[in-house]
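1. prediction below, plus the sequence it came from.
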Amino acid sequence: MKLIGLTGGIGAGKSTVSSRLRDRGAVIVDADAITKELQQPGTDVFAAMVARFGDVILAPDGTLDRAAVAEIVFKDPEALKALNAIVHPAVGVEILRRIQEQVETDRVVVLDIPLLRKDGVYAVQGVLVVDTPIEEAVRRLVTYRAMSEDDARARITNQISREQRLEMADFVVDNSGSEDALDEQVDSAWTWISSLPDWTPPPAEATPSA
């Protein structure tokens, strides 16, 4: 098995690159998708979130109103810290379980995490960063996700900087151009991934955390 970290800022097109890697045979372990699964009604994470933030984060049908959660945490660092303390440990455990399912295979496993740390407990063999200029990311968020420009810029600012993300990159996919150009870069990324040695599990004492 080969284990690669995939990250990128909001609006950079990380999900698009993830989909193209899946098309080439990769197993995608998507932290955002896992988070949504663990936030369904009836889960421990859901109950803890409601206990912390109240019914204001619930939609009329009793499910989580993600927009309401975002409205709270992106304006309040302490609220964001509290949310992360509830969600991240549970997500980390599930991520590690899914990785371990693939250990005895010859698959490429792509760990798709927005705030991936290169030195994190998953011991990824390399970090693939999807990069796009900030103004293009803002345009995409406004055009395709119906965000206001102020909201889009606030969310970008709330993440680590573009420069910090690029510093951790072992391979960069520039997603500021055409679809064809992106496919060529993903092909190059796949060649790079295929050249890497097999994954070595991290020490047993490592604590999973997204």
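-> That came through fine. Numbering: from 1, shown residues only.
2. helix or strand: which one has E78?
-> Counting by DSSP states H and E, the element that carries E78 is helix 77-101.
3. name the residues of the next helix or strand after that helix that are buried.
-> As assigned by DSSP H and E, the chain's next helix or strand after helix 77-101 is strand 108-112. Buried residues in strand 108-112, counting neighbours by 16 or more other Cβ atoms under 10 Å, are found at V108, V109, V110, L111, D112. C-beta: built from backbone N, CA, C; applies to glycine.
4. need those in CSV (columns: distance to A137 and pLDDT).
-> Listed next are the buried residues of strand 108-112 as CSV, based on distance: Cβ to Cβ, whole Å; pLDDT from 0 to 100:
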residue, distance to A137, pLDDT
V108, 27, 96
V109, 27, 96
V110, 21, 96
L111, 22, 93
D112, 17, 91
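5. and those residues, which is closest to I4?
-> V110 (5.3 Å; Cβ to Cβ).
6. count of residues packed around the nearest residue to V73 once chain neighbours are set aside?
-> Excluding its sequence neighbours, the residue lying closest to V73 (Cβ to Cβ, 6 or more residues apart in numbering) is L80, at 4.1 Å. Other residues lying near L80 total 16 when counted by other Cβ atoms under 10 Å.
7. could you list the domains of this protein?
-> The chain breaks down by automatic domain parsing into domains covering 1-26+107-196, 33-105.
8. what's the local residue count around G92?
-> Using other Cβ under 10 Å as the criterion, G92 is surrounded by 21 other residues.
9. can you check Y144 too?
-> Here the number of neighbours of Y144 (other Cβ under 10 Å) works out to 9.
10. got the contact list for it?
-> The contact partners of Y144, taken as Cβ atoms under 8 Å, 6 or more residues apart in numbering, number zero.
11. picking up where we left off before, lowest-confidence stretch among the domains of the chain?
-> Note on those: domain 1-26+107-196 shows the lowest mean pLDDT, a mean of 90.
12. ok, the residue of the chain positioned farthest from its centre to E71 distance?
-> The centre of the chain is farthest from one residue, P60, which by Cα atoms, centre = their mean lies 27.8 Å away. For P60, the distance to E71 (Cβ to Cβ, to the nearest Å) stands at 16 Å.
13. may I have the beta-bridge partners of V109?
-> Applying DSSP bridges to V109 yields these beta-bridge partners: L3, V27.
14. what sits against it?
-> Contacts of V109 by Cβ under 8 Å, 6+ apart are M1, K2, L3, I4, A26, V27, V29, I99, Q102, W199.
15. what of L111?
-> Each residue near L111 by Cβ under 8 Å, 6+ apart is listed here: L3, I4, G5, L6, V29, A31, I95, I99, Y122, V124.
16. TSV please, covering the contacts of V109 and showing neighbour count and distance to E163.
-> Listed next are the contacts of V109 as TSV, based on neighbours: other Cβ atoms under 10 Å; distance: Cβ to Cβ, whole Å:
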residue	neighbour count	distance to E163
M1	18	31
K2	20	27
L3	25	25
I4	23	22
A26	21	27
V27	18	30
V29	24	26
I99	22	29
Q102	17	32
W199	19	28
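17. going by distance to K75, which of those wins?
-> V29 (30.1 Å).
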